[in-house]
Structure formats: structure tokens, C-alpha cells
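**Student:** Next comes the sequence, and after it the predicted model I'd like to discuss.
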Amino acid sequence: MTDFGAIDALIAGAKKEVPLPPAEERRTLREELNVSRAQLAQALGVSPSTIGGWESGRDPGGEVREKYAYFLEGAKTKLAVEAEVTEEAEEALAEEPGDEVRAGAVEAVDQDLDVDVLATPQSCVLCGQPARYQVAGFAQHLDPAECGTAEPAQTREPAAAQEPAARTAPRRDGPSGRQGPPGRGVKVVPVGRRLKTADAPDLIGSAVAATLVEHAGDVEAATKALVRRAIPDAMALLDHSRKGGRYDVVAHPWLPDVLRKQSARGADQIWEARPKWARPELPHGEHEVTALDVNGAYLSALKTHLPLGQLEHSTGNHHDRRRAGVHLITPPDWDHDAYLPNPIGSRDEPGPLWVTEPTLRLLLRVSGPKYGLCDPPEIHESWTSGATEGLLEKFRVTLKDARDRAITEDDEVTLEYVKAMYSKFVSTLGESNYNRELYRTDWMHLIRSQAFANLWWKAHRAYDEGLMVVRAMGTDELHVIGDWRAVFDEGRAVTEVKIKDVYTVGTPDLHDEGAD
């Protein structure tokens, strides 16, 4: 009997996992409620990227699964009620005359919809100005004369605010020909379709201002504090810039062995093509060399083809430009080391190697008919996923604009803060204890390699424009002989270069002096 009792207890305590709706429906429900990933993540005690993973097909387990299912079911119920209220409001509007007085409108609203008087005015979901009434759970103006959206059509914002029916109840011309009846004035806005302000908050500027206040204007202390929080702030900025994005990202994908460290302190098998090249010989005589510093190398490299989902394996000597990842290749011979660095960087070991998408694309381009500098690489196998070049574009542009403003305004606090944000963002994309939002080791390698590829193209441009390329180092250092200002713009912008050093190499040709 004891055994049967244990079995009965096991059966009684067992329960199936709570069912979840399909992944695409999960995201729709959240967005229709106008709830951000960050808000939901905070409520569930997880990270925003984890929410993104659930909305891309991964399923949570345990207690958090039950909480997530509770949210989704509640969202579905709320949206169904809101849709019903919207339908009733539209039917009521269709039956009412267009010139009721405001008092009658409020009374009719009280009968048809859930209208409350707010103790403290809140922002109207249509115009953003203070409103004293709450309709179906949302602050709104009852009188169109008080609502900013009641302005003539030619003076309103033309984009989202003028979409008919999708955002407001149907409008009818009143007796005076105005848009919208002067009486009823209630516009029920379905959840998730509320108008949003065009201007995004300045997260960087507000963080700098708040930190300076916190440290009583001490620039050095504020800068140190901002640099210390650069990683979480960068991830928050990334999450904000991804709102409404077309693509979902798998934030913690399974990694193939080539992307795993071979030992605790070792490296994985990916070759980033870091250049460490110096011209083997210079012409006789004395030469003035200018060491140029490429600005914002990693910032510019954020614009690269990044894989969205989990990497998938494939074999064969074929490259799909719609995908990105890492590739095992046999690189071609390079016969131009006397005046240009090798696109795969300084590598002495022969044979196949794993390279990133930027390196492969660079090799394919320089081996093509336009340049013809080498043979095409041979691709043996690949780990790739569907990709886009614009995944981090809003994030990059926000950082770039903040950097440009800081330089213009001589704001060293913001400048150091922004630099730390994009450099630490890249360096912690791997398995880092400082960044648990994204574990994309492949992204880290791809962005770094893109920076190296960008430097290679600058070296090629210098060579193509008649300069003598002397050295290419890391991501941002290019040494040249000649009138470099005729080739590159000087300055601190990311499209410009600045002087890092000027030095002399070689000795005067004494033979020529004696002949004179």
C-alpha cells in the first residue's frame, strides 16, 4: 500500500507545463498592450533579451513560465475587452447626431464607456496634453476643442496622427465643416495603437546631466561613474533603439565548438584578421611618415552583417549574401605584401582557418573582377544565420550623434562615456560576467573583424591615391608617406582621421649630395 500511496501522491502532484501561444502571438500581445520588453522583463525578473528569445521561439520553464503564461492570458483578455469597447463606441458614434453639446456627450460616454474623472490630470493619449478624464482606462479629452488633435489638418503632424479609423473613431463633418463633431469628442484608441511622440528621449544626455548633478559638477568623478556604468547603459540604449524593430534576435544562442574557448583562459578557433603589418622595404632616402588615427573604429564597425538567430551548419564552396556567420576557408595566396597588408591579417600558419563574415566578404571582393588582387578563397563549411546590416544602425547612429555633439560642445564627459559604451559593448558580447544581456560571441568577432576590414580599405585607398603605405596596425592606426590630406579629411568625426604622430625614417642619400 505504501508503494501505491507514493504513486498516488506523485500523480496528484504532477502537473503539465502551462501552454503558451505561438511565438509570433506572444510579441503581438505584448506590443498591442504597449508594454516594452524591459517593462515585462522587470515584472518577471528576467532580462529584456530573454523576453526577446521567448518571442523568437524559445520557451521558458518552471515558475517563470507560469508567470509568463499568466501575463499572456491577461493580455489576451484585456485586448478582447478593449476591442469590444471600441466596437461599441463606433456603433454609438454612428447613431448619434454630430452637434450634441459637451454635457450630453459626457453623459452618453458614461453610459457607453468606462469614464472616470482623474484626481490629477494625466497626458492625453492622443495629443499628450493634460486631460481630466480617463476613457476605457486611458486619459483623453472629452471635448475636441481641448485636444491637440483637433487642430486643422494642415497644421497637425501628417504621419501617424492622420491615419483614419486605425487610431481613432470615425469622424464626421459638423455643420460648420470642422473635422470632428463639437459634441461627443471621445476617441477610443485601441491598446498598442496609441500615438507616440516623434522625439525619442535623450538617454545619453539625461544620464550625463544626472551624474554631474549627483557629483556636484565634479567632471572627473562624473566621468568615472559614467564609464563604470557604460555596459548596462549601452544595453538599455540598445533595447530602446530596438523598439519596433523588424527583426527578432536570439540573445543566448547555442554555440558551435568553433566559437567555444578551448580552455578556461584560451581562445576559440575564430581568426579575426587583425592586421599587424609593416612595409618590408622603403625607397632610399629620408622620408617623413605620418601616423594617422582612425576615429571611432568600433563605432563604425557596428554597421556590419550580423546573424539574427542561432547559427546553422552548412558545407560547400558557396556564399549566401543573405546570411552571415563564420566560415572555414583556405585563404588565397597574397602577392602584394610589399605594399599592401594581407586581408586575412598577419598569419604565419598555413592551411584552412575559421574567419568571420567581414573577412570573407573582403576576400571575395578583392578577388573579384574589379580588383583582381588574388584568387577567391575556398569555403569548406560555414556556421551562419539570416542576417541584416542594419541591426545595430539606430544604436550606432545614436552613439555617433552624441559623440559628434560632445566634440562640437567640447564635452569631454559625454565623449568618454560614449566611447566606453561602444567599446565595452563590443568587448563584452562574448561570455562576460559584465554583460549577461547578450551572449553573442559571433557578433563580437564579426564587429572586430569589420573594424579591421575598414582599416584595410583605408590602406587600399591610400595606396590607390598614390600614397605610400608604411604600416597598418590594429583597428585604427595607418602610417603613410605623402600628401595624405589630399586623400583623407582631417578632424575628429568618424569619417575623418587625425594625426597621431609624425616621424622620420631613412637617411639622406649622401651619394646624391656628393654628385651635386
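**Tutor:** The structure has been received and is ready for your questions.

**Student:** Run through the stretch 301-450 of the chain and note the low-pLDDT ranges.
**Tutor:** Nowhere does the stretch 301-450 of the chain drop to pLDDT under 70.

**Student:** ditto for the stretch 1-150 of the chain
**Tutor:** 1-3, 5, 8-16, 81-82, 84-116, 124-128, 135-139, 141-150.

**Student:** tally of neighbours for residue 351?
**Tutor:** For residue 351, the neighbour count with other Cβ atoms under 10 Å is 7. In short, each C-beta sits where N, CA and C put it, glycine included.

**Student:** and the residue nearest to it when sequence neighbours are not counted, what does it touch?
**Tutor:** Counting by Cβ to Cβ, 6 or more residues apart in numbering, residue 351 lies nearest to residue 330, which is 7.1 Å off, once chain neighbours are set aside. For residue 330, the contacting residues are 351-352, 377-378, 380, by Cβ atoms under 8 Å, 6 or more residues apart in numbering.

**Student:** what about the strands in the protein?
**Tutor:** 115-123, 130-135, 138-140, 270-271, 276-278, 287-294, 306-307, 312-315, 323-330, 353-356, 378-388, 468-473, 477-481, 497-505 (DSSP state E).

**Student:** Check the protein and tell me which residue is nearest its centre.
**Tutor:** Centroid check for the chain by Cα atoms, centre = their mean gives residue 392 as the closest residue, at 3.3 Å.

**Student:** backbone phi and psi for that one, please?
**Tutor:** phi -100, psi 20 (degrees, to the nearest 10).

**Student:** Break this structure down into its domains, please.
**Tutor:** Domain segmentation of the chain under automatic domain parsing yields 2-80, 100-197, 257-505.

**Student:** Switch the ones you listed over to TSV; also include distance to residue 214.
**Tutor:** Converted to TSV, the domains of the chain look like this (distance: least, Cβ to Cβ, whole Å):
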stretch	distance to residue 214
domain 2-80	22
domain 100-197	27
domain 257-505	12
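
**Student:** of all these, which lies closest to residue 221?
**Tutor:** The minimum distance between residue 221 and those falls on domain 257-505, with 10.2 Å, by Cβ to Cβ.

**Student:** My guess is residue 482 contacts residue 463. True?
**Tutor:** No. Judged on Cβ atoms under 8 Å, residue 482 makes no contact with residue 463 at a distance of 10.2 Å.

**Student:** that older thread, how about CSV for the strands of the chain, with distance to residue 419 added?
**Tutor:** Compiled in CSV, those are given as follows (distance: least, Cβ to Cβ, whole Å):
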stretch, distance to residue 419
strand 115-123, 36
strand 130-135, 40
strand 138-140, 41
strand 270-271, 25
strand 276-278, 23
strand 287-294, 13
strand 306-307, 21
strand 312-315, 35
strand 323-330, 26
strand 353-356, 23
strand 378-388, 26
strand 468-473, 19
strand 477-481, 17
strand 497-505, 14
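
**Student:** tally of neighbours for the closest residue to residue 508 other than its chain neighbours?
**Tutor:** Among residues not flanking residue 508 along the chain, residue 286 sits closest, at 5.1 Å (Cβ to Cβ, 6+ apart). Per other Cβ under 10 Å, the neighbour tally for residue 286 reads 11.

**Student:** any chance you could map the helices in the stretch 201-350 of the chain?
**Tutor:** 203-214, 219-228, 230-241, 297-301 (DSSP state H, counting those that start in this stretch).

**Student:** Tabulate those helices (JSON lines), appending distance to residue 453.
**Tutor:** Shown next, in JSON lines, are the helices of the stretch 201-350 of the chain (distance: least, Cβ to Cβ, whole Å):
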{"stretch": "helix 203-214", "distance to residue 453": "28"}
{"stretch": "helix 219-228", "distance to residue 453": "28"}
{"stretch": "helix 230-241", "distance to residue 453": "23"}
{"stretch": "helix 297-301", "distance to residue 453": "8"}
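
**Student:** Nearest to residue 274, out of the ones you listed?
**Tutor:** Smallest distance to residue 274 across the helices of the stretch 201-350 of the chain (Cβ to Cβ): 11.8 Å, for helix 297-301.

**Student:** Now do the closest one: which elements does it pack against?
**Tutor:** Helix 297-301 is packed against helix 393-408, helix 412-427, helix 441-464, with contacts defined by 3 or more Cβ pairs under 8 Å, 6 or more residues apart in numbering; DSSP states H and E.

**Student:** Out of those, which is the most enclosed?
**Tutor:** By mean neighbour count, with neighbours taken as mean count of other Cβ atoms under 10 Å, helix 441-464 ranks first of those at a mean of 23.

**Student:** okay, now the closest residue to residue 444 other than its chain neighbours: neighbour count?
**Tutor:** Spatial nearest neighbour of residue 444, chain neighbours left out: residue 429 (3.8 Å); criterion: Cβ to Cβ, 6+ apart. Other residues lying near residue 429 total 21 when counted by other Cβ under 10 Å.
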